[in-house]
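Engineer: Fold the following and give me the result.
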Amino acid sequence: MPSHHLPAELLLDHAAGTLDPALAVLVEGHIALCRQCRAEAGGFMAVGGALLDTIEPVAMSDGALDRLMARIDAGDGGWESYRRPEGTVVSGPADPLIDVLPPALRPLGRRSLARAPWRRLVPGVKVLDLDVPTGGRGSAQILRVDAGKGVPRHTHLGNEYTLVLSGAFNDHAGRFARGDLQITDPSVKHKPIAEPGETCMVLAVTDAPLRLTGALGFIQRSLGY
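Structural biologist: Predicted coordinates for the structure are as follows:
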């Protein structure tokens, strides 16, 4: 059982369907790995369903269903348009990442691997950009951190949501293992370090760029980022 969970407001926004696709992917991933948050999400869904039952139906305009299906086919249906029914084949290379992803996220992982390979961030750390819209200046990535290695020390220009998929890492806030979720904001400056043993993979979603500190931060700022 994870020890770091989703806040209630994210679960409520998930139930209401108001999250952007990248953050919805992260929430779905944590729910798949956390029995406690899965139960809470189910409660919010049940309340939403009960409220819908009290709303008077409104007639749809002619062709509304056809227009909706066309938007979904075009990939404009939010997070649900990035999921695929169980058993659907999505081409992409074999990779250890697929085994640590919850089943609902594996098609997205395969599609992202087929679209672009892992790229090196720093020695011992690789990054995979996920093929899912983020909006604004945000990002959605998988980070693969070798045992004992760390992500460069950084702070945040916005919020960062990090879900552990395998292994574990430690930073100022404690230990985060599979299923744990860490949320950081501009007040936090940290350097996550992967524990010895298993490779640490995390799903990281941001709503604004990271700001590196130290020598790398100086280089980043000198380049105008």
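Engineer: list the contacts for the spatially most central residue of the chain?
Structural biologist: Taking CA atoms, centre = their mean, the centroid of the chain lies closest to Leu26, which sits 3.0 Å from it. Listed by CB atoms under 8 Å, 6 or more residues apart in numbering, the contact partners of Leu26 are 140, 161, 163, 181, 203, 205. For glycine as for every other residue, the C-beta is placed from the backbone atoms N, C-alpha and C.
Engineer: Determine which two of these are furthest apart.
Structural biologist: Ala140 and Leu181 (14.6 Å; CB to CB).
Engineer: Can you show me the strands along the chain?
Structural biologist: 119-122, 125-129, 139-145, 154-156, 160-166, 168-171, 174-177, 181-184, 193-194, 200-206, 210-212 (DSSP state E).
Engineer: what helices or strands is the fifth one leaning on?
Structural biologist: Think strand 160-166. Counting by 3 or more CB pairs under 8 Å, 6 or more residues apart in numbering; DSSP states H and E, the packing neighbours recorded for strand 160-166 are helix 21-33, helix 96-100, strand 174-177, strand 181-184, strand 200-206.
Engineer: Can you check what pLDDT the model gives the nearest residue to the residue nearest to the centre of the chain once chain neighbours are set aside?
Structural biologist: Take Leu26 and drop its neighbours on the chain: the residue closest to it by CB to CB, 6 or more residues apart in numbering is Val205, 4.8 Å away. For Val205, the pLDDT comes out at 95.
Engineer: Could you give the number of residues near Val205?
Structural biologist: If you count neighbours by other CB atoms under 10 Å, Val205 ends up with 25.
Engineer: Can you verify my assumption that it contacts Leu19?
Structural biologist: No. Look at Val205 against Leu19 with CB atoms under 8 Å: they stay out of range, at 10.1 Å.
Engineer: any idea which of the contacts of Leu26 is closest to Asp99?
Structural biologist: The closest of the contacts of Leu26, once distances to Asp99 are taken by CB to CB, is Leu203, at 14.4 Å.
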